[in-house]
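Peer 1: generate coordinates for the sequence data below:
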Amino acid sequence: MEPRLNPLIQMLYSLDAPGPRLGEPLRLEFGGLSWLLERNRQGVHCRVQSDIDAAPGLRFEGLLGMPEEGCWLRFDAMAPAQPVELGITTDLALMPGGQVRGYLGLPLVLRLSALTMEPRRVGEQVEGMELLRLPEPGLRLGWREREGYFHPWKSPLLARPGDGGPQDASRLWLRARLHNHSEEVVRTRRCRIELEGLEARLLRRYAFAPAMDWSLGPRSTITFRHLPNLDRLFLDSEEGAEEGGAADEGPEWTPGEEIAR
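Peer 2: Below is the predicted model:
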């Protein structure tokens with residue numbers, strides 16, 4: 001039976017698949033990683049690895065004890081538990097009234113769970129038991145007085161997902177527009193983004209979150225918009241886009257927080 005992709009549920013996105021049977025291993029690509037689950041005399045051998053040239057290697061290898069019949073698995077891509085403090089590594093300088101656009105890649109946490117029953121339809125909420133969790137290898141936890149815990153993270157502002165290499169498939173992508181509403185030149189800054197609770201959808205191996213509109217100036221603000229038509233996300237250029245781009249599509253959704261240098 002083929003895996004079932006759930007493009008929009010409580011997690012950012014997930015995939016349901018039947019558990020492996022003897023002589024019928026389960027092989028799939030999820031979250032930018034290769035997964036192999038194969039039943040043998042010991043149990044179910046699980047191997048998760050990255051085939052990316054820039055970061056190859058084994059992410060997990062072990063044994064899982066699972067019933068031979070009637071077991072379904074759910075692969076979840078989740079947001080990190082704490083807010084992400086995002087620093088843009090691309091050097092930016094915006095004149096008054098100027099703006100730049102691009103995509104920012106954020107980290108994902110992958111989880112494998114066993115379901116207590118077979119989902120009857122795509123996206124059905126079925127109780128699961130967590131078997132393993134794989135955080136992004138570069139994801140760290142920081143703490144700052146009066147601000148609490150956060151995950152420091154850096155990303156370039158890319159023209160489109162895929163420009164950063166094969167590892168882009170393991171990221172959550174924000175389509176961002178930065179615009180300067182001040183009367184001075186504004187340079188690269190950092191912001192804190194609460195990813196938990198954001199919706200995400202898949203298109204051509206990439207996961208997209210709502211577009212981000214970052215207004216820079218004396219009173220900088222960050223707003224997220226509901227996801228636009230995904231068919232437009234992979235246009236080769238911004239030709240034909242209205243002033244303001246995708247960040248102007250849909251109502252405001254979740255605020256972010258700018259962090260001064």
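
Peer 1: ok, residue 15 - how many residues close by?
Peer 2: A total of 21 residues lie near residue 15 under the criterion other C-beta atoms under 10 Å. C-beta here means a position set from N, CA and C on the backbone, and glycine is covered the same way.

Peer 1: repeat for residue 31
Peer 2: Residue 31 has 25 neighbouring residues, counting by other C-beta under 10 Å.

Peer 1: verify the stated contact: it with residue 107.
Peer 2: No - judged on C-beta atoms under 8 Å, residue 31 makes no contact with residue 107 at a distance of 10.7 Å.

Peer 1: tell me how the protein divides into domains.
Peer 2: The chain breaks down by automatic domain parsing into domains covering 4-78+111-121+127-133, 84-107+138-259.

Peer 1: by mean pLDDT, show me the worst of those domains.
Peer 2: Mean pLDDT is lowest for domain 84-107+138-259 among the domains of the chain, at a mean of 77.

Peer 1: ok, for residue 176, nearest residue in space, not its chain neighbours?
Peer 2: Closest residue to residue 176 apart from its sequence neighbours, by C-beta to C-beta, 6 or more residues apart in numbering: residue 212 at 4.5 Å.

Peer 1: and that neighbour, how many neighbours?
Peer 2: As a burial measure, residue 212 scores 23 neighbours (other C-beta under 10 Å).

Peer 1: distance of it from residue 139?
Peer 2: For residue 212, the distance to residue 139 (C-beta to C-beta, to the nearest Å) stands at 20 Å.

Peer 1: cool, residue 167 as well?
Peer 2: 13 Å.

Peer 1: could you do residue 66 as well?
Peer 2: Relative to residue 139, residue 66 is positioned 28 Å away (criterion: C-beta to C-beta).

Peer 1: can you count the residues close to the nearest residue in space to residue 118 that is not next to it in sequence?
Peer 2: Excluding its sequence neighbours, the residue lying closest to residue 118 (C-beta to C-beta, 6+ apart) is residue 72, at 5.1 Å. The tally of other residues near residue 72 (other C-beta under 10 Å) stands at 20.
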